[in-house]
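> Here is a sequence with its predicted model. Questions after.
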Amino acid sequence: MNEFLEFVNSNLQITYILILSIFVGIEVIKSIPAVLHTPLMSGANALSGVVIVGAILVMLHSAPDDYLALSLGFIAVVLGIINVVGGFAVTNRMLRMFKKKK
């Protein structure tokens, strides 16, 4: 826990940028109309794929005793995979709405 607090204290500006980007992202996503949801979901899936690859690379290059980097990388991989699978499920569901019923 002390390592995490030291990291936050030494990178305070990056922490502020991260918090600000979270709030800006929430505001941007709230104002998107439903018609644009499917193309944006595919873009989000692509970004989540990049996050997954980046997290795997960070985990590969971290030291075996650096539990903070390994645990954050693992959490990033899991959340990225959940986001990609959920995005494909939502996109598939929305595309089924536009198919003609027999």
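Perfect, I can see it now. Quick caveat, the model's predicted, so the values are computed rather than measured. Numbering: from 1, shown residues only.
> Now do the helices in the chain.
With helices called from DSSP state H, the chain shows them at 2-10, 12-30, 37-61, 67-97.
> list the helices and strands the first one packs on?
If contacts are counted by 3 or more C-beta pairs under 8 Å, 6 or more residues apart in numbering; DSSP states H and E, helix 2-10 sits against helix 67-97. (Glycine included, C-beta is placed from N, CA and C.)
> The helix it packs on - what's its average pLDDT?
The average pLDDT for helix 67-97 rounds to 85.
> tell me the angle of it relative to helix 37-61?
Angle of helix 67-97 versus helix 37-61, following axes from the mean of the first three to the mean of the last three C-alpha atoms, to 10 degrees, is 160 degrees.
> list the buried ones in helix 67-97?
Using 16 or more other C-beta atoms under 10 Å as the test for burial, helix 67-97 gives 72-73, 76-77, 80, 83-84, 87, 91.
> pLDDT score for the closest residue to Val8 other than its chain neighbours?
The shortest distance from Val8 to any non-neighbouring residue, by C-beta to C-beta, 6 or more residues apart in numbering, is to Thr15 (5.6 Å). At Thr15, the pLDDT value in this model is 82.
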